[in-house]
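Undergrad: below are the sequence and a predicted model for it; my questions follow.
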Amino acid sequence: MFISKNRKNLEGKFDSDKIYDPVEAIKLLKQSAYVKFQESLEVAINLRIDSGKTDQNIRGVINLPKGTGKKIRVAVMAKGDKAKEALAAGADLVGDDDLAKQVTDGKINFDLLISTPDMMPTIGKIGKILGPKGLMPNPKLGTVTQDIKSAVSNAKAGQVQFKNDKAGIVHAGIGKLNFSEEDLLENLKTFYSSISKNKPDAVKGSFIKKVSIASTMGFGLSINVQALR
């Protein structure tokens, strides 16, 4: 595999066997950025679960206190006053049957879809398109709701959806590297705390095995979990 010169130069700065203090790791990743675009800080939390058992999987949403630094294109499927409420709240795209038609035609110009409960029959017709793309509205994630204003505002402010993958790992972007160290740390602690509180009843003993952070193009650094509590 080809390894760039910049990446080779960085290898000596990181110790793959070391457990880093969160602030130290964040500083190191910020100092080591070399690409021209603004990288994200990403977290991976390894869970002690059996992902093959539905009662051990976790899924939810987190409102990060300092936002994500990412612009989210929010679409809302609603009618009447709720459609007006969505537009007033800052939704990028609002519609009902016309929006469903756009999805059917392959025109998906949004990152998140929110719906009022009465629109779910229409949503169901395009579920086979939305589902594989992770765009299907879900009451548990707050994306099927009558409170459209709050749902749109939260999504725009830095709400992050999470769920574990087949390996039992939860991944998420928790900010940009140009955020201050304090803001990134606060987002990291908030994310960790939320995952910790989502421990399934079926899981006995310790829940979180390992926490790592990395920049988009950087190396993964293991974090001292005790420092996040």
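TA: Yep, it's here. Numbers count the residues shown, from 1 in each chain.
Undergrad: all contacts plus neighbour counts: C-alpha atoms, from now on.
TA: Fine.
Undergrad: I'd like to know how far Thr68 sits from Ala157.
TA: 8 Å (CA to CA, to the nearest Å).
Undergrad: look at these two and report which has more neighbours.
TA: More neighbours surround Thr68 than the other of Thr68 and Ala157, with 24 against 19 (other CA atoms under 10 Å).
Undergrad: I'd guess the more buried one is in a helix, am I close?
TA: No: under the criterion used here (DSSP: H, G, I helix; E, B strand; the rest coil), Thr68 is coil, not part of a helix.
Undergrad: tell me how far the closest residue to it other than its chain neighbours lies from Ser40.
TA: Nearest in space to Thr68, with sequence neighbours left out and distances taken as CA to CA, 6 or more residues apart in numbering, is Gly175 at 4.1 Å. In this view, Gly175 and Ser40 are 6 Å apart by CA to CA.
Undergrad: more crowded one of these two?
TA: Gly175 (26 against 22).
Undergrad: count of neighbours near Lys209?
TA: Lys209: 12 neighbours (other CA under 10 Å).
Undergrad: now name the helix or strand holding it.
TA: Secondary structure assignment for Lys209, by DSSP states H and E: strand 208-215.
Undergrad: beyond that strand, next helix or strand please.
TA: Immediately after strand 208-215, counting by DSSP H and E, sits strand 221-223.
Undergrad: can you give the strand pairings for that following strand, parallel or anti for each?
TA: Using DSSP bridges, the strands paired with strand 221-223 are strand 19-20 (parallel), strand 208-215 (antiparallel).
Undergrad: what average pLDDT does the first one get?
TA: To tie it back to what came earlier, the one meant is strand 19-20. On average, the pLDDT along strand 19-20 is 96.
Undergrad: mind listing what's buried along the helix or strand just after it?
TA: Next helix or strand after strand 19-20 toward the C-terminus (DSSP H and E): helix 22-31. Applying a neighbour-count criterion of 16 or more other CA atoms under 10 Å, one finds 22, 25-26, 29-30 buried in helix 22-31.
Undergrad: now stretch 212-229
TA: 212-216, 218-225, 228.
Undergrad: nearest to Lys82, out of these: which one, please.
TA: Thr216 (37.4 Å; CA to CA).
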